[in-house]
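# starting from these lines, generate the structure:
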Amino acid sequence: MIKDRQSVTADWQPVGRDRIDGVEIVQIRPVTKRAGVLTEVFRAEWCDGPVGQVFQVLLMPGAVSAWHTHVRTIDRLFVSSGSLTLALYDGRRDSSTAGRVNEMHLSIARPELVIVPAGVWHGVMATSHNPTLLLNLPSAGYDYADPDHYRLPDDTSQIPYRFQRGNAIA
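Numbers count the residues shown, from 1 in each chain. Coordinates of the predicted model:
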């Protein structure tokens, strides 16, 4: 028999989220309307800096997209359909949380906007039975001639995190 440890506070805030320095989470409260539900995705006062573009990624069930980072660009991630696991790794040598890993589970059931600072590696794995839609509202538009986008394979030995593909569909 294993006793559960605390996973949320009395006001339903997740515990155990010792976040990587600069990572912010904006919890969004959808509003039930007569005809459905209204969910804000972004407000300028939620974070600093411009929105350079908005794009979405459709992830098939169990799909992994990892690892990515940027030197200058801040990513702002929002799940608008389905669910996923978001893993973050602080690869910034001068950060107070260098080497720290964060794992988050995001879904439309409890909408959140996750702000990922430049220099933090990030990857996602779709965990729902249906395709997952991930929106990104980065601080700069994609530079086709000189992309601020760096990649590592999802099984790199440089990041101490592995996506659990066997548990992909929850």
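
# model confidence over stretch 31-48, on average?
Stretch 31-48 carries an average pLDDT of 94.

# could I get the buried residue list for it?
Buried residues in stretch 31-48, counted by 16 or more other CB atoms under 10 Å: residue 47. Glycine gets a C-beta too; all of them are placed from N, C-alpha and C.

# tabulate the CA atom coordinates of that stretch in CSV.
The C-alpha coordinates for stretch 31-48 follow below in CSV (Å, rounded to 0.1, in the frame of the first residue of the first chain):
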residue,chain,number,x,y,z
VAL,A,31,-16.4,31.6,-18.6
THR,A,32,-19.5,29.5,-19.2
LYS,A,33,-21.8,31.4,-21.6
ARG,A,34,-25.3,30.6,-22.7
ALA,A,35,-24.0,29.2,-26.0
GLY,A,36,-20.8,27.5,-24.7
VAL,A,37,-17.6,28.4,-23.0
LEU,A,38,-15.3,31.5,-23.6
THR,A,39,-11.6,31.0,-23.0
GLU,A,40,-9.1,33.8,-23.2
VAL,A,41,-5.8,32.6,-24.7
PHE,A,42,-3.6,35.7,-24.3
ARG,A,43,-3.7,39.2,-22.7
ALA,A,44,-0.9,41.7,-23.1
GLU,A,45,-0.7,42.2,-19.3
TRP,A,46,0.0,38.5,-18.7
CYS,A,47,3.5,38.8,-19.9
ASP,A,48,6.2,41.1,-21.2
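
# just give me how far that stretch sits from the chain centre.
18 Å (CA atoms, centre = their mean, to the nearest Å).

# contacts for that stretch, please.
24, 26, 28, 30, 51, 74, 76, 78, 80, 108, 111, 113, 115, 135, 137 (CB atoms under 8 Å, 6 or more residues apart in numbering).

# give me the element the spatially most central residue of the chain is part of.
Nearest to the geometric centre of the chain sits residue 86, at 4.6 Å (CA atoms, centre = their mean). Using DSSP states H and E, residue 86 sits in strand 83-90.

# can you tell me the strand partners of that strand and which way each runs?
Sheet pairing for strand 83-90, assigned by DSSP bridges, gives strand 101-107 (antiparallel), strand 120-126 (antiparallel).

# now mean neighbour count too, for these, in JSON lines please.
Formatted as JSON lines, the strands paired with strand 83-90 follow (neighbours: other CB atoms under 10 Å):
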{"stretch": "strand 101-107", "mean neighbour count": "17"}
{"stretch": "strand 120-126", "mean neighbour count": "24"}
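
# can you put those in a markdown table and add mean pLDDT?
Formatted as a markdown table, the strands paired with strand 83-90 follow (pLDDT from 0 to 100):
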| stretch | mean pLDDT |
| --- | --- |
| strand 101-107 | 95 |
| strand 120-126 | 98 |
